[in-house]
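[1] 3D model of this:
(2 chains)
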Amino acid sequence: AQTVTQSQPEMSVQEAETVTLSCTYDTSESNYYLFWYKQPPSRQMILVIRQEAYKQQNATENRFSVNFQKAAKSFSLKISDSQLGDTAMYFCAFISTGTASKLTFGTGTRLQVTL
Amino acid sequence: NAGVMQNPRHLVRRRGQEARLRCSPVKGHSHVYWYRQLPEEGLKFMVYLQKENIIDESGMPKERFSAEFPKEGPSILRIQQVVRGDSAAYFCASSPQDGRWAETQYFGPGTRLLVL
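    Sure thing, here's the model as predicted:
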């Protein structure tokens, strides 16, 4: 069974600064995908970024980038130039390509962006 | 393109009543997933369906819960004889049948169920 661990329940960052959210996972699969989802106060789940495990290059989406360390099973999210609208819960998630069914989520990190 | 639609957004039921949650996937998506989020927790997988078939229901309680995705119409998650512990946010997600983004799931806004 896969597990996803987010060890930072809460984090805070000042506007325009950079913050990194941590995520580790455990799996015996070799082919899988990793995701970061954002859940703002509206509680809508919004896809932030995804990473294919077979790709060595780290994914980037504008101000969001990941540091994917496959051997260490680590998948951190870096948010640059933080904005007030980035305030949200951030969930790391895993899915294996074999089953392509259920996402396994971490417990989330609550990020507060302050002035 | 319309995203995943869920209704109702909020649902209040008394103990013992039935709750029926609806989900319309993204147009062209044939895979539907249901997840439950208890207060202050992450999302937990419940069931995975394709049109007219349940593919994986390993996360769904054996009793009182059922799900369907008929050939025509939305997917339905049904909870019979609700109890207070069923109070949660229920999210539906969909993904395309195949292609490069097949593994990416797009979520609806969720249905908040409150059982009194």
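[2] alpha carbons only for contacts and neighbour counts from here, please
    Fine.
[3] quick one: contacts for the residue nearest in space to the middle of chain A?
    Nearest to the mean C-alpha position of chain A, counting by CA atoms, centre = their mean, stands A:Trp36 at 3.2 Å. Residues near A:Trp36 by CA atoms under 8 Å, 6 or more residues apart in numbering or on different chains: A:47-50, A:77, A:90-93.
[4] buried subset of those residues?
    Buried residues within the contacts of A:Trp36, counting neighbours by 16 or more other CA atoms under 10 Å in any protein chain shown: A:47-50, A:77, A:90-93.
[5] returning to that earlier point: pick the one among the contacts of A:Trp36 closest to B:Tyr106.
    For the contacts of A:Trp36, the closest approach to B:Tyr106 (CA to CA) belongs to A:Leu47, at 7.3 Å.
[6] for the chain, what spans make up the strands?
    Here I'm looking at chain A. A:3-5, A:10-14, A:19-21, A:24-26, A:32-39, A:46-52, A:60-61, A:64-69, A:74-79, A:88-96, A:104-105, A:109-114 (DSSP state E).
[7] if you could check chain B rather than the one you did, that'd help
    All strands of chain B, identified by DSSP E, fall at B:5-7, B:10-13, B:19-24, B:29-37, B:43-50, B:53-56, B:65-68, B:75-79, B:88-96, B:106-107, B:111-115.
[8] what's next to the fourth one, contact-wise?
    So the one you mean is strand B:29-37. Strand B:29-37 is contacted from outside by A:101-102, B:25, B:43-51, B:69, B:75, B:77, B:88-97, using CA under 8 Å, 6+ apart.
[9] Save the strands of chain A as a markdown table, and put in mean pLDDT too.
    Below are the strands of chain A laid out as a markdown table (pLDDT from 0 to 100):
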| stretch | mean pLDDT |
| --- | --- |
| strand A:3-5 | 94 |
| strand A:10-14 | 97 |
| strand A:19-21 | 98 |
| strand A:24-26 | 96 |
| strand A:32-39 | 94 |
| strand A:46-52 | 94 |
| strand A:60-61 | 96 |
| strand A:64-69 | 97 |
| strand A:74-79 | 98 |
| strand A:88-96 | 94 |
| strand A:104-105 | 94 |
| strand A:109-114 | 96 |
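[10] quick one, which of those strands is nearest to B:Glu57?
    Proximity to B:Glu57, assessed across the strands of chain A by CA to CA, is greatest for strand A:104-105 (14.3 Å).
[11] residue nearest the centroid of chain B?
    B:Trp34 (3.4 Å).
[12] That one: what's its closest spatial neighbour, skipping adjacent residues?
    Closest residue in space to B:Trp34, ignoring its immediate chain neighbours: B:Cys92 at 4.6 Å, by CA to CA, 6 or more residues apart in numbering or on different chains.
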